[in-house]
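Colleague: Would you be able to build a 3D model of this:
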Amino acid sequence: MMRAMQDAEQIVADYLAEMLTPVAVAQAEVADVRVVAIDPWRNAADEGSTTSADARYLLCVAAGVKLAVPMADVTHLLPMPPLSPPSSNNPICLGRWRHPSGEARVADLAAVLSPDMGGAPVSTLVILRDRVWALACVVDEEPVELSPEAIQWRHGAATRPWLAGMSLEPKCGVVGTTALVQWLEKELGP
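Modeller: So this is what the prediction gives:
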C-alpha cells in the first residue's frame, strides 16, 4: 500500500513538473524573422477564468501537490471538523459536514488528484461557493495573487478537466472550481 502511494505521488509530481516546465524553443539564425502568429491561448484566460480583480488564490496542498483555488469561490475555511460517514466507498468522498444552512459533501483533494493518494493528512476544510461541496486539504499560507498572464491555461483537456492551468510562480496547478464541482458531481453523483 505504501509503495502504491509513493508511486501515485511520483506520477502526479512528474505530471505537474512536466506541465510546469516551459518548452524550449530553438532560436532560428535567420536575419529577418517575422512573427506571423503566436499561441494566444497559452496565456490567455478563458471566460471561466479569473479576471485581474479576482486574481487571489488560496494555496491548498494535497499529498505534497500544491493547487491554487480561486478565493472568489471560497466561502469559508475552518480546521478539519468531524464528518458524517460517506454514503459511498469512493475514496474521493470523506463524508458530509453539517453547517447552519445545510450540508456540504467533503472531497479529499489528494484523492481527486489520484485515488491512490487518498487518505493523506488534512488539516483544513475549504468550503466552496454555495456550501454544497468542501475540500479537505492542508492550507498553511495566506492567499496569493496570481496574474492571469503568468498562468499557462489549459483548454479542452480530457484528463483532469478541473485543472485549469499551471502557474510557474508559485509552482502550482490552478483549479477551475466550476469544472471541479461538475467533475465531483459526475464522479460521486448528486
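Colleague: Okay, buried residues for stretch 65-80 please.
Modeller: Neighbour-count burial for stretch 65-80, with 16 or more other C-beta atoms under 10 Å as criterion, is recorded at V65, K66, L67, A68, V69, P70, D73, V74, M80. Yep, even glycine has a C-beta here, placed from its N, CA and C like the rest.
Colleague: Sitting in helices, which of these do you find?
Modeller: Among those, none falls in helices (DSSP state H).
Colleague: quick check, nearest of those to G176?
Modeller: P70 (8.4 Å; C-beta to C-beta).
Colleague: all strands for this protein, in order.
Modeller: Listed in chain order, the strands of the chain (DSSP state E) span 56-62, 65-70, 74-79, 93-99, 102-108, 124-128, 133-137, 144-145, 151-153, 163-167, 172-175.
Colleague: helices or strands next to the shortest one in the packing?
Modeller: Contacting strand 144-145 under the criterion 3 or more C-beta pairs under 8 Å, 6 or more residues apart in numbering; DSSP states H and E are the following elements: strand 56-62.
Colleague: what are the C-alpha coordinates of the strand it packs on, in CSV please?
Modeller: This file holds the C-alpha atoms of strand 56-62, laid out as CSV (Å, rounded to 0.1, in the frame of the first residue of the first chain):
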residue,chain,number,x,y,z
ARG,A,56,-6.3,36.0,-5.4
TYR,A,57,-5.9,32.3,-4.9
LEU,A,58,-5.8,30.0,-1.8
LEU,A,59,-2.8,27.6,-2.0
CYS,A,60,-4.0,24.2,-0.9
VAL,A,61,-1.6,21.2,-0.5
ALA,A,62,-2.8,17.7,-1.1
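Colleague: was I right about L146 contacting D54?
Modeller: No - the pair L146 / D54 is not scored as a contact, 10.1 Å apart, by C-beta atoms under 8 Å.
Colleague: Between those two, which has more neighbouring residues?
Modeller: With neighbours defined as other C-beta atoms under 10 Å, L146 and D54 compare such that L146 has more, 22 against 14.
Colleague: who's in contact with the more buried one?
Modeller: Counting by C-beta atoms under 8 Å, 6 or more residues apart in numbering, L146 touches A55, Y57, A68, S167, V174.
Colleague: Need the contact partners of stretch 95-106.
Modeller: Contact partners of stretch 95-106, identified using C-beta under 8 Å, 6+ apart, comprise 81, 83-87, 93-94, 125, 127, 131-136, 184, 188.
Colleague: Including distance to S101 and pLDDT, could the buried residues of stretch 65-80 go into TSV?
Modeller: Shown next, in TSV, are the buried residues of stretch 65-80 (distance: C-beta to C-beta, whole Å; pLDDT from 0 to 100):
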residue	distance to S101	pLDDT
V65	31	94
K66	30	96
L67	26	96
A68	27	96
V69	21	96
P70	21	96
D73	17	95
V74	16	95
M80	20	95
